[in-house]
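1. Show me the folded form of this:
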Amino acid sequence: MPSYIYWIWYLIIINFIAIITTVMDKHNAKKHRWRIPENTLLLIAALGGSPAMLLTMYAIRHKTQHKKFMLGIPMIITLQVCFVYYLFFR
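-> Numbering: from 1, shown residues only. Modelled structure (predicted):
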């Protein structure tokens, strides 16, 4: 099996985790329960879950008033795109 298949599966899984954690945090916020720490959400985004997390944030209107997320997640995506570009097209 080609090695890029593992990367594709990794990205699918980490983006799925990003969706689940964002939705769980929104649900817990509504119920006044324990929240997922912001640093954990940003770490998941930095590990590759940033596209799904950003789309989920907009879809469920969660963390859209926080500059840390509305600037941080697009910045993470930009850095990730630059990194992939550097790896493949240097």
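2. Looks like residue 64 contacts residue 57 (just checking).
-> Yes - with contact defined as Cβ atoms under 8 Å, residue 64 and residue 57 form a contacting pair (5.9 Å). Glycine gets a C-beta too; all of them are placed from N, C-alpha and C.
3. Among these two, which residue is more densely surrounded?
-> residue 57 (22 against 11; other Cβ atoms under 10 Å).
4. who's in contact with the more buried one?
-> 22, 63-64, 69, 73 (Cβ atoms under 8 Å, 6 or more residues apart in numbering).
5. same thing with residue 26?
-> 60, 62.
6. can you offset everything so residue one is 796?
-> Done: numbering now begins at 796, and the last item shifts to residue 821.
7. Which residue is the nearest non-sequential neighbour of residue 842?
-> With sequence-adjacent residues excluded and distances taken as Cβ to Cβ, 6 or more residues apart in numbering, residue 842 is closest to residue 809, at 5.5 Å.
8. For stretch 806-814, list every residue counted as buried.
-> 809-810, 812-814 (16 or more other Cβ atoms under 10 Å).
9. Just send these back as TSV, with distance to residue 826 and pLDDT too.
-> Formatted as TSV, those follow (distance: Cβ to Cβ, whole Å; pLDDT from 0 to 100):
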residue	distance to residue 826	pLDDT
809	26	98
810	25	98
812	21	98
813	21	98
814	19	98
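10. Keep only those of those residues that are in helices.
-> Among the buried residues of stretch 806-814, the members falling in helices (DSSP state H) are 809-810, 812-814.
11. which of those lies closest to residue 848?
-> residue 813 (4.0 Å; Cβ to Cβ).
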